[in-house]
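> Please find the sequence and the predicted model below.
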Amino acid sequence: MDLQKTLEVIRNCVEEIIPENDLIKKLEKSEKTGKPLRIKYGIDPTGYDVHIGHMVPIRKMRDFQDLGHIGVIIIGDFTAQIGDPTGLDETRKHLSAEKVKQNAEKYMEQLYKILNPDKTEVRWQSEWFTKMSLEDVINLMSKFTLAQFMAHETFRKRYEEGLPLSLHELLYPLLQAYDSVVIEADVELGATEQKFNILAGRELQKMMGMESQIAILSPILFGTDGKEKMSKSLNNYIAIFDSPEDKYGKVMSIPDSAIINYFKLATNISSEEIKKIDKILEEGKENPKNIKMRLAKKIVTLYDGKESAQRAETHFQKVFADKEIPDEMPIHETTLNEIWIVKLLSDAGLVKSNGEARRMIQQGAVSVNGNRISAVDINLKIVDGMVIKIGKRRFCKIIKSMSGILKMN
C-alpha cells in the first residue's frame, strides 16, 4: 500500500495526530528497513467489563496490524493499583495483584475479538517496575516538574476545588510514560482525554535519547443516551460481554443524532459509505430505524459473528417491532413460594448484583407478567410460568420446581 493510502487508513476516525510529519517519517523508515512500527496501548484492568467505546483505539491498533505493524498491549498491573486519575474527582481504591491479574485475562479475551493475536505483544509493567530501586524512581521523578503535572486538567481541578489529591496519583502519567521508553513505542494510542499522559511519554523518550513516539488520539464514542461519553458509571454503555440480543437492542435505543458517530467509531464500514448514510439521513430518504438496524447488525457481527447478528435481529423484530414475548427465554426454576424481588432478579441472572436490581426497579424498568414493579422491598409470590422483564431486552420465565437450575426452553 502506498503512503497516501496508508495515511488515509490511519487518519480515519482519528481526532489528532501529534505530530503527523514525524509519523510520515516513521512510516517511510519502516517501509525502507522492513522493521514494523511498535504501536502501544495501555490498559488498567481495574475491572474487566470492556465496552465498545474502549474498543475505538483498539480498532485503530488493528488498522496498524493490517498494515504490517505490531500492536503492544501494556497490562498496567502497577498503574491499575493506583488507578488512572484522569477525569476522576476522587482517589480510586487499591486493587490486589491477584484481582488485577484476573481482570487482565478477561480483558484480553475481549480485545482479541478485534486484535490479531499473531501481531499482538502483551507486556506486563511488573517486568520492569519490580526491578526498579528507590534511586531509579527518584531519578525518573526528576525528569518532570510539579508545575508540569499541575497543568494536567484533572490534577489542577481537584487541587483548586480542595479535593483529595494523593502523591501516588502524580506518579501515574510518569509510569505510563516510562512504559513507552521500555517497550520503545513508535506510536501510542488513546482517547483524547489521554493526551497529557501520552505526550509525557513522548517527552520522556526524548529525554532518554530515544526517538519520540507519535500520539494518535481517538474521538469519544457517545453512550446510548447520545449525549455523554460511553461510561459504565453512567450506565449508557454496550458491553462486549453483553449478549448479541442486548447489543442489538441497545444500539436500536440510541437517538438518531448518534447514528453517524456510531458508524464512524463502532463499525468497519468505509468513510465513503458513512458519507452516503449521512446524506440519506439529512435528506430524510429512509426511516432512521432501518439505518439503525443496519448499524446494530454491523456491530453485533463484529463481536459475535453473522449468525448471532441475524438471530439478534430476528429477536428484536419479534419482541419490539411486533410487541411479542419471545418464544425462547432463560428459565429460572425455584422451589420457593415467595421471594424478595431483588433476590429473585439476582438469582435468575437478570442482573449482576442486588444494587443493579434496585436501580432497575427504581427506574421503573422491571415488570412481572406486564405489571410494573415499583418498590424494592416487596416479596413476590411465585406463580408457575410468570415472566419477568427488565428494560426492553431481558426476559426470564419462572418455573416452580424441585430444582433451581437455569436452562433454556
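Structure received.
> ranges for the helices of the stretch 251-400 of the chain?
Using DSSP state H, counting those that start in this stretch, the helices found in the stretch 251-400 of the chain span residues 259-266, 271-283, 288-304, 306-316, 341-347, 354-362.
> contacting residues around the first one?
The reference is to helix 259-266. Applying C-beta atoms under 8 Å, 6 or more residues apart in numbering, the external contacts of helix 259-266 come out as 13, 52-53, 55-56, 218-219, 221-222, 251, 254, 269, 273-274, 277-278, 281, 288, 291-292, 295, 298-299, 302. The C-beta positions use only the backbone N, C-alpha and C, and glycine is treated the same way.
> Now restrict those residues to buried residues only.
With neighbours counted using 16 or more other C-beta atoms under 10 Å, the contacts of helix 259-266 contain these buried positions: 13, 52-53, 55-56, 218, 221-222, 251, 254, 274, 277, 281, 291-292, 295, 298-299, 302.
> Need the helices of the stretch 251-400 of the chain in CSV (columns: distance to Lys32).
Converted to CSV, these look like this (distance: least, C-beta to C-beta, whole Å):
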stretch, distance to Lys32
helix 259-266, 32
helix 271-283, 28
helix 288-304, 34
helix 306-316, 40
helix 341-347, 59
helix 354-362, 54
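> Which among these is found nearest to Tyr107?
helix 288-304 (14.6 Å; C-beta to C-beta).
> Relative to the whole chain's centre, how far out is the closest one?
18 Å (C-alpha atoms, centre = their mean, to the nearest Å).
> what's in contact with that helix?
52, 113-114, 238, 240, 244, 247-249, 251-252, 254, 256, 259, 262-263, 266-269, 277, 280-281, 308-310, 312-313, 316.
> mind exporting it as CSV, just the C-alpha atoms?
The C-alpha coordinates for helix 288-304 follow below in CSV (Å, rounded to 0.1, in the frame of the first residue of the first chain):
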residue,chain,number,x,y,z
PRO,A,288,-33.7,6.2,10.6
LYS,A,289,-34.9,3.0,12.2
ASN,A,290,-33.9,0.9,9.2
ILE,A,291,-30.5,2.5,9.2
LYS,A,292,-30.1,1.8,12.9
MET,A,293,-31.0,-1.8,12.2
ARG,A,294,-28.1,-2.0,9.7
LEU,A,295,-25.9,-0.3,12.3
ALA,A,296,-26.9,-2.8,15.1
LYS,A,297,-26.3,-5.8,12.8
LYS,A,298,-22.8,-4.5,11.8
ILE,A,299,-21.8,-4.0,15.5
VAL,A,300,-23.1,-7.4,16.6
THR,A,301,-21.4,-9.1,13.6
LEU,A,302,-18.1,-7.5,14.6
TYR,A,303,-18.1,-9.0,18.0
ASP,A,304,-20.4,-12.1,17.8
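> Give me the average confidence score over it.
When pLDDT is averaged over helix 288-304, the result is 95.
> got it, and stretch 67-80?
On average, stretch 67-80 scores 90.
> again, but for stretch 99-113
90.
> in it, what's buried?
99-101, 103-104, 107-108, 110-111.
> Equivalent analysis for stretch 7-21, please.
Buried, per 16+ other C-beta under 10 Å, within stretch 7-21: 7, 10, 13-14, 17-18.
> Span of it from start to end?
11 Å (C-alpha to C-alpha, to the nearest Å).
> if we can go back for a sec, could you export the buried residues of stretch 7-21 to JSON lines, including columns for secondary structure?
Below are those laid out as JSON lines (DSSP: H, G, I helix; E, B strand; the rest coil):
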{"residue": "Leu7", "secondary structure": "helix"}
{"residue": "Ile10", "secondary structure": "helix"}
{"residue": "Cys13", "secondary structure": "coil"}
{"residue": "Val14", "secondary structure": "coil"}
{"residue": "Ile17", "secondary structure": "strand"}
{"residue": "Ile18", "secondary structure": "strand"}
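> which of the residues you listed has the weakest pLDDT?
Cys13 (87).
> helix, strand or coil for Lys227?
Going by three-state DSSP: Lys227 is coil.
> Next one: it, what pLDDT does it get?
pLDDT, read off for Lys227, is 88.
> ok, now the one 4 residues further on?
The score at Ser231 is 88. That number is its pLDDT.
> Also Thr154?
On the pLDDT scale, Thr154 gets 77.
> how many other residues sit next to it?
Using other C-beta atoms under 10 Å, Thr154 has 20 neighbouring residues.
> hmm, back to that, buried only: go through the contacts of helix 288-304 for me.
Buried among these by 16+ other C-beta under 10 Å: 52, 114, 238, 240, 244, 247-249, 251-252, 254, 259, 262-263, 266-267, 277, 281, 308-309, 312-313, 316.
> got the contact list for Glu228?
222, 234, 236.
> Would you reformat these as CSV and include secondary structure and pLDDT?
CSV is the format used below for these (DSSP: H, G, I helix; E, B strand; the rest coil; pLDDT from 0 to 100):
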residue, secondary structure, pLDDT
Phe222, strand, 94
Leu234, coil, 83
Asn236, coil, 89
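> Next one: Gln310 from Asp225, what distance?
27 Å (C-beta to C-beta, to the nearest Å).
> same thing with Leu345?
23 Å.
> Please apply the same query to Cys13.
With C-beta to C-beta as the criterion, Cys13 and Asp225 are 21 Å apart.
> same question, Leu199
Leu199 is 31 Å from Asp225, by C-beta to C-beta.
> higher neighbour count, those two?
Leu199 (18 against 14).
> The more buried one in helix, strand or coil?
Leu199 ends up helix, using three-state DSSP.
> Contact partners for Val342?
Applying C-beta under 8 Å, 6+ apart, the residues near Val342 are 354, 357-358, 361, 376.
> List only those of the residues you listed flagged as buried.
Going by neighbour count (16+ other C-beta under 10 Å), the contacts of Val342 have 357-358, 361, 376 buried.
> could you dump those residues to a markdown table with distance to Gln148?
Formatted as a markdown table, the buried ones among the contacts of Val342 follow (distance: C-beta to C-beta, whole Å):
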| residue | distance to Gln148 |
| --- | --- |
| Ala357 | 46 |
| Arg358 | 44 |
| Ile361 | 48 |
| Val376 | 48 |
